[in-house]
Structures are given as structure tokens and as C-alpha cells.
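Trainee: Predicted coordinates and the sequence they were generated for:
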Amino acid sequence: MYLVIIMNVGDTIPDFTLKDQNNEEFRLYDIEDKMVLLSFHPLAWTGVCTKQMQSLEDYKDELEGLDVIPIGVSVDSTPSKRAWTESIGVKEVQLLSDFWPHGDLSKSLDLFLEDKGVSKRANILVGKNKEIVFMKIYEMSTIPNLDEITDFIRKEKPKKREV
């Protein structure tokens, strides 16, 4: 049994640990002094999800320049994610497996579609203090535009005062 937490901007996201496509553990609360973009996608090996994860790879340097670590998340198994990342040219972005218990993270964040067995397509930007600072759920056929995230961060960054 899992606990569903309806998350909103301003809420503290619970800690979690998942394995990536290289079978390495990623623990959210191990990340300090950086924001984390959790980009949920329903399934590997599908066209829109492929473009969504390739977009994360394309934006990686720009996001990291804004102190953001981009992370992909889906219910696919680790071996499937590994083969998929190799086939689509994603080499640097970690893609986490929310496979077992099946969809546990996406379920806990109320992003799981029980009737389909996959997560919704969503971007959650977790601030350095582990609070959600941006959250958007997308239509299944829509590739999230990462300019939304970079524009949001640039707009929200405190402006330095000139002396």
C-alpha cells in the first residue's frame, strides 16, 4: 500500500530513492544546493516520450547553468531504460526507473494513471529546500517545452542590486 500525497507548489516533496538506466541509485535528498527537474513520462519506446527525454538531454547544459539537475522518470524497468537511452542518444541525463514497486513514486505524487499503468506526463521543479516551485501536467500527446522551466527560473532568480 502506498500513501498518495496531493502535491502543490510550495509543498515539500518526500524523499525517494530510485535506480537509473545504469542501475545506479539516485536519492533526491542527497542533492544539495541544486534544484531538480523531475520530468515524468509515461513509457519508453514511444515517440513523444523519446522527444521529451531527448529534449532533457539537449537542455542539460542550460539547466545545469541554472543550478538544475534534469531527471527523467517513468515506470519502465532499468534494463529497458538502458537499452532505450542507448537507442535514442541520451547519454548524460539520468532516467529513473519507477518500476518496482510499480509506479510507487508517481502514485505517491498522484501522477499515476491506474487504468493505463503509467504516470502522467509532468514536470516538477524541486527547489534547493525540497519544496515544489513549479509543477505542470501535460496532455499525453504534448512534449513539455523546457523554455517554460528556464524562463520561470530566470524570472524567479533574485536580481542582484547594483551598488
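Mentor: Noted; the coordinates are in hand.

Trainee: helix, strand or coil for the most centrally placed residue in the chain?
Mentor: Geometric centre of the chain, nearest residue: residue 38, 1.7 Å, by C-alpha atoms, centre = their mean. Assigned by DSSP: H, G, I helix; E, B strand; the rest coil, the conformation of residue 38 is strand.

Trainee: List the contacts of it.
Mentor: With contact set as C-beta atoms under 8 Å, 6 or more residues apart in numbering, residue 38 has these partners: 71, 73, 122, 123, 124, 125, 126. To be clear about C-beta, it is placed using only N, CA and C from the backbone, and glycine gets the same treatment.

Trainee: The nearest residue to it once chain neighbours are set aside: neighbour count?
Mentor: The shortest distance from residue 38 to any residue that is not its chain neighbour, by C-beta to C-beta, 6 or more residues apart in numbering, is 4.5 Å, and that residue is residue 124. Using other C-beta atoms under 10 Å, residue 124 has 22 other residues around it.

Trainee: Make sure residue 124 is indeed in a helix.
Mentor: No - for residue 124, which was evaluated using three-state DSSP, the result is strand, with no helix membership.

Trainee: Which single one of the contacts of residue 38 is nearest to residue 55?
Mentor: Within the contacts of residue 38, the smallest distance to residue 55 is 10.7 Å, found for residue 123 (C-beta to C-beta).

Trainee: thinking the closest one is in contact with residue 150, fair?
Mentor: No - Residue 123 lies out of contact with residue 150 (C-beta atoms under 8 Å); the separation is 11.6 Å.

Trainee: So between these two, which is more surrounded?
Mentor: Under the neighbour definition other C-beta under 10 Å, residue 123 and residue 150 were set side by side, and residue 123 has more, 23 against 17.
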